[in-house]
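[1] Here is my input; please provide its structure:
(one chain, ligands or ions: 1)
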Amino acid sequence: MEIEFIKMQGLGNDFILLDNRKGDIRHPYPDLSKKLCSRHFGIGADGMILILKSVAQDIKFRIYNSDGSQAQMCGNGMRCFAKILYENKILPQKKMRVDTKAGTVIPEVITDEAGRVSSVRVDMGEPVLFCRDIPFKSPNEIAVEEFLTVGDKECGIIPVSMGNPHAVMFVDDLERVDVKKIGRSIETHERFPEKTNVEFVEVVNDKELKMKVWERGAGMTLACGTGACAALVAANLTGRTSKSAVVHLDGGDLDIQWNKETNHVFKTGPATKVFEGRIRI
Ligand SMILES: N[C@@H](CCC[C@H](N)C(=O)O)C(=O)O
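    Purely as a prediction, here's the structure:
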């Protein structure tokens, strides 16, 4: 069968969006994601996102990584998702309640004078710090900094979940980090039973961070939205930044705020349609 797709990117973190509200795409999603995301044999992307019908919320969001594994949430993908729902009039409202595997997430599209979506602000919910819920194996309930043995080194990380697991590692010089080597080892470290995304973060000042990422199930990407939120939470918890900061990623900047009153993390950034088409599966 032939299906329609939309290719999108948020700061170079790229996705294939499929509208399966009618349920006519029956192909197993893990296999479909692997095929479509292949940069050589498919469309090419870091992940595949499904637009699905929801009973409890306005709409349902599901994300698969390029290796076929399913993730609970995706921050950059959520901005792309909200932009398409609004621009294609799938939902009429700017602020929508989205059912994700990590609970309800609330994106809000921001439009310019011409009515076009200029950015998307996402209420990402509360960060999760309890080790058992991340999940991260530790004798402590909350791990503010723990050391993992990676090869012959001890790496200090802060585990945080934004619905999906993250290991945040602060470094002095981001350019000197072997993101692939250390990222891969921490992703599959036995203390993260569901694997983890890995963020390498350099503090610029108390309102700016620089970050590179190794994503679970996708490898090195140009940006990670949930990762940027986890980085801000870890930086603030350890006294490195205030509760709001700009995170500079290889693909561009994200604005992250951790609201004191609600404990929710808000993320604002762009989303762009790259092209759309049809593909035989
Ligand atoms: N790129 C994403 C996160 C995608 C899922 C992640 N690889 C996982 O397995 O948890 C983002 O922008 O948050």
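
[2] Do a quick rundown of the helices in the stretch 1-150 of the chain.
    Using DSSP state H, counting those that start in this stretch, the helices of the stretch 1-150 of the chain run over 29-37, 75-87.

[3] Return the most buried member of those.
    Highest mean neighbour count among the helices of the stretch 1-150 of the chain (mean count of other C-beta atoms under 10 Å): helix 75-87, with a mean of 26. C-betas here are computed from N, CA, C, even on glycine.

[4] pLDDT on that helix, on average?
    Over the span of helix 75-87, the pLDDT mean works out to 98.

[5] since we're on Ala218, how many residues are nearby?
    Each residue near Ala218 was counted by other C-beta atoms under 10 Å, and the total is 23.

[6] List the residues that contact it.
    Ala218 makes contact with 46-47, 65-67, according to C-beta atoms under 8 Å, 6 or more residues apart in numbering.

[7] Take the residues you listed and write them to CSV, including neighbour count, pLDDT and distance to the ligand.
    As requested, these are arranged in CSV below (neighbours: other C-beta atoms under 10 Å; pLDDT from 0 to 100; distance: C-beta to the nearest ligand atom, whole Å):
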residue, neighbour count, pLDDT, distance to the ligand
Asp46, 28, 99, 6
Gly47, 28, 99, 6
Asn65, 24, 99, 5
Ser66, 25, 98, 9
Asp67, 15, 98, 9
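
[8] which SSE is the residue nearest to Phe266 when sequence neighbours are not counted in?
    Among residues not flanking Phe266 along the chain, Gln257 sits closest, at 4.6 Å (C-beta to C-beta, 6 or more residues apart in numbering). Here Gln257, judged by DSSP states H and E, is contained in strand 252-258.

[9] From the contact counts, what lies against that strand?
    Applying 3 or more C-beta pairs under 8 Å, 6 or more residues apart in numbering; DSSP states H and E, one finds that strand 252-258 contacts helix 225-237, strand 244-249, strand 265-269.

[10] relative to strand 265-269, how tilted is the longest one?
    With axes from the mean of the first three to the mean of the last three C-alpha atoms, to 10 degrees as the criterion, the two stretches helix 225-237 and strand 265-269 enclose an angle of 130 degrees.

[11] Say whether the ligand is contacted by helix 225-237.
    Yes. If you take C-beta under 6 Å from any ligand atom as the test, helix 225-237 does meet the ligand, through 225-227.

[12] Likewise for the shortest one?
    No. Applying C-beta under 6 Å from any ligand atom, one finds that strand 265-269 is not in contact with the ligand, the shortest distance being 9.0 Å.

[13] The following helix or strand past that strand pairs with which strands?
    Toward the C-terminus, strand 265-269 is succeeded by strand 272-280 as the next helix or strand (DSSP H and E). Strand 272-280 sits in its sheet next to strand 2-10 (antiparallel), going by DSSP bridges.

[14] Residues in contact with the strand it pairs with: which ones?
    Residues outside strand 2-10 that contact it (C-beta under 8 Å, 6+ apart) are 14-19, 25, 36, 43, 45, 75-77, 79-80, 83-84, 223, 225, 251, 269-281.

[15] Can you tell me the number of residues neighbouring Ala71?
    24.

[16] hang on, isn't it packed against Arg216?
    Yes. In terms of C-beta atoms under 8 Å, Ala71 counts as a neighbour of Arg216; the distance is 7.1 Å.

[17] Mutual contacts of those two, please.
    With C-beta under 8 Å, 6+ apart as the test, Ala71 and Arg216 both reach 65, 164.

[18] neighbours around Glu126, how many?
    Using other C-beta under 10 Å: Glu126 sits among 16 other residues.

[19] That one reaches Asn259, doesn't it?
    No. Counting by C-beta under 8 Å, Glu126 does not reach Asn259; the two are 9.7 Å apart.

[20] tell me, what's touching the two both at once?
    With C-beta under 8 Å, 6+ apart as the test, Glu126 and Asn259 both reach Val265.

[21] Show me what from this structure comes close to the ligand.
    Checking the chain against the ligand by C-beta under 6 Å from any ligand atom, the hits are 13, 47, 63, 65, 71, 74-77, 164, 197, 215-218, 221, 224-227.
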